[in-house]
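Chemist: attaching a predicted model along with its sequence, questions to come.
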Amino acid sequence: MPYPHVDAKVNESQHLLARVLKELRTELELPGHFTPSVLAEAEKAIAQQRLPERDLTGLDFITIDPPGSTDLDQAMYLERDGSGYKVWYAIADVPSFIEPGGELDEATRRRGQTIYAPDGRIPLHPEAISEDAGSLLPDRDRSAFVWEFALDGGANVAQVALFRAVVRSRAQLTYEEVQQDIDSGTAPEYLELLKEIGCKRQALELQRGGASLKLPEEEIAHDGRHYFIVARPALPVEDWNAQISLMTGMAAARIMLDGNIGILRTMPAPDAESEAKFRRQTKALGHPWPQDIAYGEYLRGLDTAEPKQLALMNAAASLFRGAGYTPFDGGPPEEQLQAAIAAPYAHTTAPLRRLVDRFVLLICEALVAGNEVPDWVREALPVLPELMAASDQLASRLERASLDAVEAALLSHRVGEEFDAVVISARQNNHGNGTNSNGNGRREAVPHGTIQLSAPAVTARCDGELEPGTSIRARLVEADIAKRSVRFELVTVHS
């Protein structure tokens, strides 16, 4: 039966939430609309773009993205080649729209990346480029950087080429559609090849010691009236698709290292102390990490549907820290490895949405062709890490603040209720945050941790003596939308 007082509270909280999310744009100083002169420059570039002479429109490229995507960076075509494979991976030709040193160039450097806000994305490029002329939309001729890979029977890269060509996507597919087709046995050969190649690339990742976190994704959705959070595990096809992108990034890194100029995405390996701590956690949670099992293989074996293993997957994130960008010119850098991938790696497959990829594509194109890297690209290398770090931090702050606000709104009318949850982390805070007064004016640390509710999909702070991996009953004591604050307290631990 309907509960008018509850519906009224929900509607009121949604109105407040919409205001808070809008205010985040001001609070975080997010970029606004492009200036008229930047938009005019973009339109002029679109009108003057010349398509490459090389024509690959005879190949049946397809794109695979989340539903509703319009900024399509990548398209692929796969075929069997004897005992091996051929992979054509087309990347949007963003550089063909950007005049070096122009207003659009400067605007994209200030933005750094496309930022996804709950009330609408803030694009890196004007929509006329990112969602139309530069996007690899179906049934349209588009200029693209095409990576051509020859793979052996084990999906190892035997040869790689890079050139610009005209491509035409035949279909815009979603991950869910592709997964359903593959699972039902009705998928065309090129999708079966994606699975075949993807699985073999996963095996190669394990062999070289790479690892992937398989945490459920949290996304903020809107149904026209209400914001809510959707949490879902990644589909297998998403990893197979990611393996093609990873292969391309590794190829780009190798080209730049051999050419002694470029910019890598690097991350140090976990230190001995962090690794030892994680091993202790795996033992304490009843799923020890054997010494003879590689880190990546251990993570792939975790089942995040099981509470203790979900807690371990969250704990594993502590080992994936320190990622950054490392430019070099004149010789290879001392730091080359992206530890989670266990190989040198570069961002090169998302130029519509990430600034650095545009420069990597141009560097690789020049090196493969035996040409000089343009001076303006070389001059940009030292400043790119700072630009990307600033945009990464901004995107991270927006994501966290938005999730906090939406979580508070989802729960604002349920203060005092109890929920089933899983403890995913726990710690004693000794630094002044999360403290209570002991009655004498002195502040004492409050034991607390982070819990994941069974429903709704909310991750939040919980006060109490907690053990990671345990299932608990928690009471909601605060859900403040304006403060973007949600807090629970421990009630009982399930046996």
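Modeler: Looks like it arrived, so ask away.
Chemist: any regions of the chain where pLDDT drops low?
Modeler: 1-10, 216, 223-225, 228, 231, 428-445, 495 (pLDDT under 70).
Chemist: spatially central residue in it, please.
Modeler: Note on the chain: the residue nearest the mean C-alpha position is Glu217, at 9.7 Å, using CA atoms, centre = their mean.
Chemist: who touches stretch 389-401?
Modeler: With CB atoms under 8 Å, 6 or more residues apart in numbering as the contact definition, stretch 389-401 has outside contacts at 24, 27-28, 30, 111-113, 115-117, 324-325, 355, 484. C-betas here are computed from N, CA, C, even on glycine.
Chemist: in strands, which of these fall?
Modeler: Among the contacts of stretch 389-401, the members found in strands (DSSP state E) are 115-117, 324-325.
Chemist: top of those residues by neighbour count?
Modeler: Among the ones in strands among the contacts of stretch 389-401, Ile115 has the most neighbours (other CB atoms under 10 Å), with 21 neighbours.
Chemist: how far away is the residue lying closest to that residue once chain neighbours are set aside from Glu306?
Modeler: Excluding the flanking residues, the one nearest Ile115 by CB to CB, 6 or more residues apart in numbering is Ile122, at 4.4 Å. As judged by CB to CB, to the nearest Å, Ile122 and Glu306 stand 38 Å apart.
Chemist: quick one, which of these two is more surrounded?
Modeler: Here Ile122 and Glu306 are compared on neighbour count by other CB under 10 Å; more neighbours surround Ile122, at 18 against 13.
Chemist: do I have it right that the more buried one meets Gln113?
Modeler: No: taking contacts as CB atoms under 8 Å, Ile122 lies outside contact range of Gln113: 9.3 Å.
Chemist: select, from the contacts of stretch 389-401, the two members most distant in space.
Modeler: Tyr325 and Arg484 (29.9 Å; CB to CB).
Chemist: identify each buried residue in the longest helix along the chain, please.
Modeler: Longest helix of the chain, by residue count under DSSP state H: helix 384-411. By neighbour count on 16 or more other CB atoms under 10 Å, the buried set for helix 384-411 is 384-385, 387-388, 391-392, 394-395, 398-399, 401-411.
Chemist: what's the answer for stretch 485-495, then?
Modeler: 486-490.
Chemist: re earlier: can you put the ones in strands among the contacts of stretch 389-401 in JSON lines and add distance to Arg54?
Modeler: Shown next, in JSON lines, are the ones in strands among the contacts of stretch 389-401 (distance: CB to CB, whole Å):
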{"residue": "Ile115", "distance to Arg54": "34"}
{"residue": "Tyr116", "distance to Arg54": "34"}
{"residue": "Ala117", "distance to Arg54": "38"}
{"residue": "Gly324", "distance to Arg54": "35"}
{"residue": "Tyr325", "distance to Arg54": "31"}
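Chemist: return the member of the residues you listed nearest to Ala479.
Modeler: With CB to CB as the yardstick, the closest approach to Ala479 among these comes from Ala117, at 21.5 Å.
Chemist: residues in contact with that closest one?
Modeler: Listed by CB under 8 Å, 6+ apart, the contact set of Ala117 reads 21, 24-25, 30, 398, 402.
Chemist: what sits opposite it in the beta ladder?
Modeler: Beta-bridge partners for Ala117, by DSSP bridges, are Gly120.
Chemist: count the residues that sit near Arg111.
Modeler: Neighbour number of Arg111 under other CB under 10 Å is 21.
Chemist: from Leu104, how far off is it?
Modeler: Using CB to CB, we find Arg111 at a distance of 11 Å from Leu104.
Chemist: next: Pro468.
Modeler: Taking CB to CB as the measure, Pro468 falls 48 Å from Leu104.
Chemist: repeat for Glu41
Modeler: Distance from Glu41 to Leu104, by CB to CB: 5 Å.
Chemist: counting neighbours, go ahead and name the busier of those two.
Modeler: More crowded of Glu41 and Leu104, by other CB under 10 Å: Leu104, with 24 against 21.
Chemist: next, the more buried one: phi, psi?
Modeler: Backbone torsions of Leu104, given as degrees, to the nearest 10, read phi -70, psi -40.
Chemist: contacts only, for it.
Modeler: Contacts of Leu104 by CB under 8 Å, 6+ apart are 38, 41-42, 45, 97-98, 125-126.
Chemist: how about a cut-off of 10 Å?
Modeler: Shown in contact with Leu104 (CB atoms under 10 Å, 6 or more residues apart in numbering): 34-35, 37-42, 44-45, 97-98, 125-126, 129.
Chemist: ok, now Leu124?
Modeler: 31, 71, 94, 107-109, 111-115, 130, 350-355, 357-358, 391.
Chemist: chain center to the longest strand seen in the chain: distance?
Modeler: Using DSSP E, we find that the single longest strand of the chain is strand 157-174. On the basis of CA atoms, centre = their mean, to the nearest Å, strand 157-174 sits 22 Å off its chain's mean C-alpha point.
Chemist: what's it packed up against?
Modeler: strand 61-65, strand 74-81, strand 84-92, strand 141-151, helix 175-184, helix 189-208, helix 236-259, helix 355-369 (3 or more CB pairs under 10 Å, 6 or more residues apart in numbering; DSSP states H and E).
Chemist: what residues of it count as buried?
Modeler: Quick answer for strand 157-174 (16+ other CB under 10 Å): 157, 160, 162, 164-170, 172-174.
Chemist: quick check: domain ranges of the chain?
Modeler: As given by automatic domain parsing, the domain ranges for the chain are 8-262+326-404, 269-321, 414-493.
Chemist: Ala155 contacts Lys86, correct?
Modeler: No: under the criterion of CB atoms under 10 Å, Ala155 is not in contact with Lys86, lying 11.7 Å apart.
Chemist: please identify which of these two sits among more neighbours.
Modeler: Neighbour tally, Ala155 and Lys86, criterion other CB under 10 Å: the higher count belongs to Ala155, 22 against 17.
Chemist: contacts only, for the closest residue to the more buried one other than its chain neighbours.
Modeler: Excluding its sequence neighbours, the residue lying closest to Ala155 (CB to CB, 6+ apart) is Lys200, at 3.6 Å. Contact analysis of Lys200 by CB under 10 Å, 6+ apart lists 85, 151-156, 240, 243.
Chemist: equivalent analysis for Thr450, please.
Modeler: Under the criterion of CB under 10 Å, 6+ apart, the contact list for Thr450 reads 311, 314, 421-427, 459-462, 466, 468, 488.
Chemist: swap the cut-off to 6 Å and go again
Modeler: For Thr450, the contact set (CB atoms under 6 Å, 6 or more residues apart in numbering) comprises 424-425.
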